Every structure is written in structure tokens, then in C-alpha cells.
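K.L.:
Let's see this in three dimensions:
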Amino acid sequence: MHAPDFWWRSPGLLSTALAPFGAIYGAVTGARLKIGGERARVPVICVGDPTIGGAGKTPTAISIAKLLMSQDERPYFVTRGYGGKSRGPLLVSTAEHSAEDVGDEPLLLSRTAPTVVSADRVAGAELAARSGASVVILDDGFQNPALEKDFSLLVIDCASGVGNKRVFPAGPLRAPLIAQIERTQAIILIGKGAPGRHVMEIARTRGATILSAHIKPRPEIARTLSKKRVLAFAGIGHPEKFFQMLEDIGAKIVERRAFTDHHFYSAAEARDLLAHAKKHHLILVTTEKDQMRNSKNPALEDLTAESRTLPIMLEFEDEEHLKSLITETLSRRRS
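P.N.:
This is a model prediction of the structure:
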């Protein structure tokens, strides 16, 4: 869905009018957070987002998987597979599955570690354990109580924080902020900004561990786009972040096209992008998630071939602290 602009501003008339519905929704989701779930056969680390929209869960999950692999663990991702047709549980195969089958994020995750798509998180964790996982990384599902989590992290984009601090549909929060913070072991603040500091202050009063991280483009790719004239297009939660990153590396954005999150491009849209780029001598640049959605679609074959991507990576300021927290969790669960 496309997050309405009023979610990210000070509460106005529309947000206030929707506040009673948000209170009801928040009461229900807040109560669900307290429900105990089923325990998986292996430890479960959950990477969640307190708001609707892209805060950086996927790069965070990938970074944690790499950290676990450096410790000789066998992490498997378990995710719902938003935007895909399959309800699972199934093990994602990049050779067999497309974004229409399993969603764009599972395809991206599977490039780092085995990935299970399952609307039923318990069944997904069971398939991962049977397939050889020593630990499950639950990508999203923080607000879903079905599966017990051994360690939960909430990812906050410091530039936007939690918006107007109201619960859906009056704001972007999936549940009351305090209720969510009380169910997490660590808050990951990505980037910088006053909205993020506000969340940090609240989290500290509740005793949550605070970790800082930054998302940055892969330098070897960034150098190839510096000073290039580009047509940037993206169908993600906050496309403006992608555009800003391109400008930060020195790319000259002549035109930008923003689509809704998880947007599936039509053949007509692909032809328009290709024609416009050719006419104005521009390089087409998009996100890895968009490229995942476009691949394996014969109607978008030319768009995929002509588009460059800007891969991103997440770096923790204190990775050793996070590593120690996860190691303690795994040790405690296994003992």
C-alpha cells in the first residue's frame, strides 16, 4: 500500500478523525503482542518494524544472517512473502520462482541464505528446521504472536521515526509504540534524524538496548554511477530515500519515477521507461527489489536488461555488541 502523507506529519484533521479507529486497532494489536506462541525447534530471531512501510528490515536481516554465518551458524530466513501468490511453506528457489510466486523480498533474501516463504510462521520455522537451519531469522512477523521469538529487534528509520505517533489508520504504527518496545530486546536506529532520537528516548526509559546502523550503497557500484545522467525509478516503501542515495553518490537524476511499494510494472510502463531513457540518453537505475520483481517476466525482459541497480548494505556502529547479544540468546536457548 502507499503510505498517506499525513502519517508522517503532525496530527491534523484527518488523522484526528481516524484516531478512534486507531485506538481500537491498537488495542487489538497490543493485546495480540502479549499472546504466547509456539516454540520452534531452533532459536528464532525476529527483525520487525513498528510502522507500516520500509524502515530497513531486509538489509538488517541480511546483515544479521551474515553475522551468524561468520559464527558457523546455519541461518534460514522465514518470511510471509508479501506480494507473492504462494502461501507456503516452501523453500525459495531463484531458478524456479519469480516475484509473482513468492514476492520480491524472499528472492533477495535467498541470495544470502536459504529462505522459506510461509503465511503460517510456525509451519515455516518447522520447514526451516527440517531443512537444516540452526537458527531462524523471521523477517517481519513481530506483531504476529503465532511463533515464539527468542530475540526481537525493531528497526527504526531515524529520518521518519514513527511518523505522527498514531496507530493505523490514523498513523503508520502497527500497534502502540510502548507496547511494541516492551516486547523487544533491541532497537536498531538506522541513519540520523530528530524523529529517531524521539524513539530512542522512549526506548531508553523502557530499558531497551539501542543499536545504531547506517545503510550505504556498495562503493564499487556507486563509483560507476557517479556523475552519470540517470532516470531513477523505484516501487518501494520510501522511494525518496533511494533517489537521495543516488544524489549522495554523485549521480545526476534527470528524472525520477516513484511507484507504490511492491509495484509490479506493466509492459506499457516498461516501454515508457525504456523509450524515455533512450530519447534523453539516460541510464535507467532502480533498486534490487524492483529488479527482482522485473526478472523472469518476459514482458519486462528489455527493462531488466537495460536497468542498473544500486545494491545497498547495512553496517552496525557496534557490531560486537549485537554479536554478544545474539550469542547470549543462542546459548541461553540451547542450554
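
K.L.:
where's stretch 118-129 relative to the chain centroid, distance-wise?
P.N.:
Its chain's average C-alpha position is 19 Å from that of stretch 118-129, according to CA atoms, centre = their mean, to the nearest Å.

K.L.:
Also stretch 80-93?
P.N.:
With CA atoms, centre = their mean as the basis, the mean position of stretch 80-93 lies at 16 Å from the chain mean.

K.L.:
do the same with stretch 93-104
P.N.:
Relative to the centre of its chain, stretch 93-104 is centred 17 Å away, using CA atoms, centre = their mean.

K.L.:
any idea how far the nearest residue to Ser98 once chain neighbours are set aside lies from Phe6?
P.N.:
Nearest non-adjacent residue to Ser98, counting by CB to CB, 6 or more residues apart in numbering: Lys296, 4.0 Å away. For glycine as for every other residue, the C-beta is placed from the backbone atoms N, C-alpha and C. As judged by CB to CB, to the nearest Å, Lys296 and Phe6 stand 37 Å apart.

K.L.:
Check the gap between Val117 and Ile52 for me.
P.N.:
20 Å.

K.L.:
more neighbours, the two?
P.N.:
Val117 (29 against 18; other CB atoms under 10 Å).

K.L.:
who's in contact with the closest residue in space to the more buried one that isn't next to it in sequence?
P.N.:
Distances taken as CB to CB, 6+ apart place Gly81 nearest to Val117, at 3.6 Å, with adjacent residues excluded. Counting by CB atoms under 8 Å, 6 or more residues apart in numbering, Gly81 touches Gly88, Val102, Gly103, Glu105, Pro106, Val117, Ser118, Ala119.

K.L.:
what about the last one, helix or strand, and which?
P.N.:
Ala119 is located outside every helix and strand, with elements delineated by DSSP states H and E.

K.L.:
just checking, it touches Thr79?
P.N.:
No: look at Ala119 against Thr79 with CB atoms under 8 Å: they stay out of range, at 10.0 Å.

K.L.:
Helices along this protein, start to end?
P.N.:
Taking DSSP state H as the criterion, the chain contains helices spanning 13-32, 57-69, 99-102, 104-109, 121-131, 177-181, 194-205, 219-225, 239-248, 267-279, 288-294, 301-306, 319-334.

K.L.:
Same list, those helices, but as TSV with distance to Gly141 and mean neighbour count please.
P.N.:
As requested, those are exported to TSV (distance: least, CB to CB, whole Å; neighbours: other CB atoms under 10 Å):
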stretch	distance to Gly141	mean neighbour count
helix 13-32	12	15
helix 57-69	10	22
helix 99-102	16	23
helix 104-109	12	28
helix 121-131	5	22
helix 177-181	13	20
helix 194-205	20	16
helix 219-225	31	13
helix 239-248	23	18
helix 267-279	31	15
helix 288-294	19	23
helix 301-306	30	16
helix 319-334	17	15
